[in-house]
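S.K.: Need the 3D shape of this:
(4 chains)
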There are 2 protein chains.
Amino acid sequence: MSDEEDTGRAADVMVRRIALSIQTGELKDGQTLPAERDLMEQFGLSRAVVREAVATLSNKGLIETRPRHRPVVRKPGYDTAFGALESIVTCLLQEQGGVKNLFDTRIMIEAMLVREAAKNAGKSDIAALKAALDANQETVEDSDAFYLTDTEFHRVLYQIPGNPTLPALHRAYTSWLAPHWSKMPRLPERNELNYQSHLAIFEAILMRDPDAAEAALRAHLSEAWLQVKETFGDL
Amino acid sequence: MSDEEDTGRAADVMVRRIALSIQTGELKDGQTLPAERDLMEQFGLSRAVVREAVATLSNKGLIETRPRHRPVVRKPGYDTAFGALESIVTCLLQEQGGVKNLFDTRIMIEAMLVREAAKNAGKSDIAALKAALDANQETVEDSDAFYLTDTEFHRVLYQIPGNPTLPALHRAYTSWLAPHWSKMPRLPERNELNYQSHLAIFEAILMRDPDAAEAALRAHLSEAWLQVKETFGDL
DNA sequence: AGCTCAACTTTGGTCCGACCAAAATTCACG
DNA sequence: CGTGAATTTTGGTCGGACCAAAGTTGAGCT
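M.R.: Alright, predicted model coming up:
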């Protein structure tokens, strides 16, 4: 009665066994899995099952497969996690209110982030924020460059708490919302307004005023949402 | 030059085509996919490739497969999204600081939630919170029941903003942290303390005092984290 | 006609053996 | 010793086959 999970499809059993080996560290990051033909011998299964299992593990992000190369164990990072959501999020964004639901969570998260920053940001955090802000100002005239420095400013916010999940979340947000964001008209005057918003947020953080920081952030993102709604009639 | 994405493995092409059909609504929720043998004819591919594609789509949560049944298109909900993360999160929780990273995000989220509640909770929200709180108090003596009402109280917090992603996030949190949580000692006296924490949060929300609500929530969850750290030596 | 249960069909799960192309490896030859 | 061709490895694809369980059909009984 050692193994209680021999149930289900053979491929699933195999996936569980290998996934467990990875999770327990028995298979370390970077290590290569045996070739498919070796795996079918080790597990006593057909190649079809082995291939399905390997494909499943690859989909789950636990291994990395390249044509004509052995699968490489890849202990997943936080980005891998969000990456696995891509197709499903694409679906969710399509339906009524999907984009707004996602964007609302972003507003909530960033509202919290600026509060945290106002309360706990250290000297280096402030410096990073200032640097991002300056770069932001310098690119007001170049909309493409501004988009990058804009993203970078927000990224710094996600980085301040020192929790690795947050920068990954930021990358996920920018990636998922990019289709809408990139289609929006970009004008130097809009950039200037956005820069002013960033400046207001920064100053509130500098003043150690969480409420002001949150208010500025909410105003900033709410304005951004209005622009999105203006560009896309639907929600 | 209509289809630009015929590249990559045949199974991937097939996955993209079907995923696109689902995302565009061409294949609606609940609709059944053709049988594997029909798909191999439609796509002109071998059954092995078809099976791999179907398995991949199933892993992504876009379809639902049952033995001896045709795949059912399943327009994924927010829970499906978090469900797809299970194995990868299991990996992330295993590594150094993984649990703390996740729990910290939970603290941040719930801190924001109680602030929102204090600012914007409607009458029905307050009533739901009160009901959950009362149920919580009544189960102080029964640790198993208390665990449920405890979870329920927090769930109401995630429900108040009306964003469907949040309840799904709550379910994900409870599911992912359950292994650690359920192993913790449960005592009526601890339950009582937790109830008092909930009460403090509730009263702060009632008073429309976001700062007090956040402080109470942070005290509550920080205490919970201390208990976790006490039970598990590692982080 | 209505119902029951056995026979048949469908369908996913599994296995086998085979071929291909590209990459890695080996090795003979200059 | 270096180099390029032959060999091996390996993932990707194919076709056919069998099984078991679910659904479907239909004959026979009431």
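
S.K.: Then A:P67 would be within a strand, right?
M.R.: No: applying DSSP: H, G, I helix; E, B strand; the rest coil, one finds A:P67 to be coil, outside a strand.

S.K.: and it, what does it touch?
M.R.: B:R9 (CB atoms under 8 Å, 6 or more residues apart in numbering or on different chains). To be clear about C-beta, it is placed using only N, CA and C from the backbone, and glycine gets the same treatment.

S.K.: Quickly note the distance from the residue most central in space within chain A to A:E86.
M.R.: Chain A has A:A172 as the residue nearest its centroid, 2.5 Å off, counting by CA atoms, centre = their mean. Separation of A:A172 from A:E86 (CB to CB, to the nearest Å): 9 Å.

S.K.: cool, A:T174 as well?
M.R.: Noted for A:T174: a distance of 13 Å to A:E86, by CB to CB.

S.K.: For stretch A:38-45, which outside residues touch it?
M.R.: Outside stretch A:38-45, the residues that touch it by CB under 8 Å, 6+ apart are A:A10, A:M14, A:R17, A:L33, A:P34, A:S46, A:R47, A:V49, A:V50, A:A53, A:V54.

S.K.: Show me how far the host helix or strand of A:T151 is from its chain's centre.
M.R.: In the assignment (DSSP states H and E), A:T151 maps to helix A:143-159. On the basis of CA atoms, centre = their mean, to the nearest Å, helix A:143-159 sits 14 Å off its chain's mean C-alpha point.

S.K.: Now it: buried residues?
M.R.: A:146-147, A:149-159 (16 or more other CB atoms under 10 Å in any protein chain shown).

S.K.: got the residues of chain A near DNA strand D?
M.R.: Counting by CB under 7 Å from any atom of the strand, chain A comes close to DNA strand D at A:35-38, A:47-48, A:51, A:54, A:65, A:67-71.

S.K.: go again using 10 Å as the cut-off
M.R.: Counting by CB under 10 Å from any atom of the strand, chain A comes close to DNA strand D at A:32-40, A:46-48, A:50-51, A:54-55, A:58, A:65-72.

S.K.: Would you write a PyMOL line that selects the buried entries of the residues you listed?
M.R.: Here is the PyMOL command that selects the buried residues among these (16+ other CB under 10 Å):
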select buried, chain A and resi 33+39+40+50+51+54+55+58+65+70+71
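
S.K.: quick one: which of the residues of chain A next to DNA strand D sit in helices?
M.R.: A:E36, A:R37, A:D38, A:L39, A:M40, A:R47, A:A48, A:V50, A:R51, A:V54, A:A55, A:S58 (DSSP state H).

S.K.: Next SSE downstream of the helix holding A:T151?
M.R.: Downstream of helix A:143-159, the first helix or strand assigned by DSSP H and E is helix A:165-182.

S.K.: Apart from its chain neighbours, what residue comes closest to A:E192?
M.R.: Of all residues not flanking A:E192 in the chain, A:V140 sits nearest, at 5.3 Å (CB to CB, 6 or more residues apart in numbering or on different chains).

S.K.: Just to be sure, the one you found is in a helix?
M.R.: No: assessed with three-state DSSP, A:V140 is coil; it does not lie in a helix.

S.K.: okay, now it: neighbour count?
M.R.: With neighbours defined by other CB atoms under 10 Å in any protein chain shown, the count for A:V140 comes to 19.

S.K.: residues in contact with it?
M.R.: A:F146, A:P188, A:N191, A:E192, A:Y195.

S.K.: The second one: neighbour count?
M.R.: So that's A:P188. 13.

S.K.: for it, what are its contacts?
M.R.: Residues near A:P188 by CB under 8 Å, 6+ apart: A:V140, A:E141, A:S143.

S.K.: A:L102 and A:S175 touch, don't they?
M.R.: No: contact criterion CB atoms under 8 Å: A:L102 and A:S175 do not qualify, at 11.5 Å.

S.K.: Between the two, which is the more surrounded one?
M.R.: Of the pair A:L102 and A:S175, A:L102 is the one with more neighbours under other CB under 10 Å, namely 20 against 14.

S.K.: Shouldn't that one be within a helix?
M.R.: Yes: using three-state DSSP, the assignment for A:L102 is a helix.

S.K.: I appreciate the help and will end here.
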